[in-house]
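Enquirer: Following is a predicted model, sequence given first.
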Amino acid sequence: MSKEYIGCCGAYCRTCKAFTGGSCKGCKLGYDSGGRDFSKAKCVIKRCCIGKNLATCADCEQYHNCSLINDLLAHTGYKYKKYHQALEFIREHGYAEFLACTDNWKNAYGKF
């Protein structure tokens, strides 16, 4: 498994219904290979994260003070809470442990 399937915001593409159903291309896939044009990326979080050459926002030194990610994670709704948990988990335990947790997920988020 690879970090490229973890969205900048903490969503996990490999178990996301939109991604597996083909209606989403994933957050980061295709930019390294040139299959997608980064200049056309609309997500400001993605542009910031990939522009800084980070795997996710969890790697950013400004993570706790960043208005982009904090504004997204402040939205009400279960998925935003789970994305926040994912980023915090990655910061504390790393990507290998995060990816190990995703084996049993059925959505873009799950239990840790």
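Expert: Nice, I can see it.
Enquirer: alpha carbons only for contacts and neighbour counts from here, please
Expert: Noted.
Enquirer: pLDDT below threshold where in the protein?
Expert: 1 (pLDDT under 70).
Enquirer: Longest helix of it, counting residues only.
Expert: helix 78-93 (DSSP state H).
Enquirer: Who are the packing partners of that one?
Expert: The helices and strands touching helix 78-93, judged by 3 or more CA pairs under 8 Å, 6 or more residues apart in numbering; DSSP states H and E, are helix 67-73, helix 95-101.
Enquirer: For residue 33, which of the ones you listed is the nearest?
Expert: Comparison of the helices and strands packed on helix 78-93 against residue 33 by CA to CA identifies helix 95-101 as nearest, at 22.1 Å.
Enquirer: Not counting its own residues, what contacts the closest one?
Expert: The contact list for helix 95-101, computed with CA atoms under 8 Å, 6 or more residues apart in numbering, reads 1-3, 86, 89-90, 111-112.
Enquirer: Buried subset of these, written for PyMOL?
Expert: Applying 16 or more other CA atoms under 10 Å to the contacts of helix 95-101, the buried members can be selected in PyMOL as follows:
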select buried, resi 3+86+89+90
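Enquirer: Could I get the contacts of helix 95-101 in CSV, plus columns for distance to residue 25?
Expert: As requested, the contacts of helix 95-101 are exported to CSV (distance: CA to CA, whole Å):
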residue, distance to residue 25
1, 17
2, 15
3, 15
86, 20
89, 24
90, 23
111, 24
112, 25
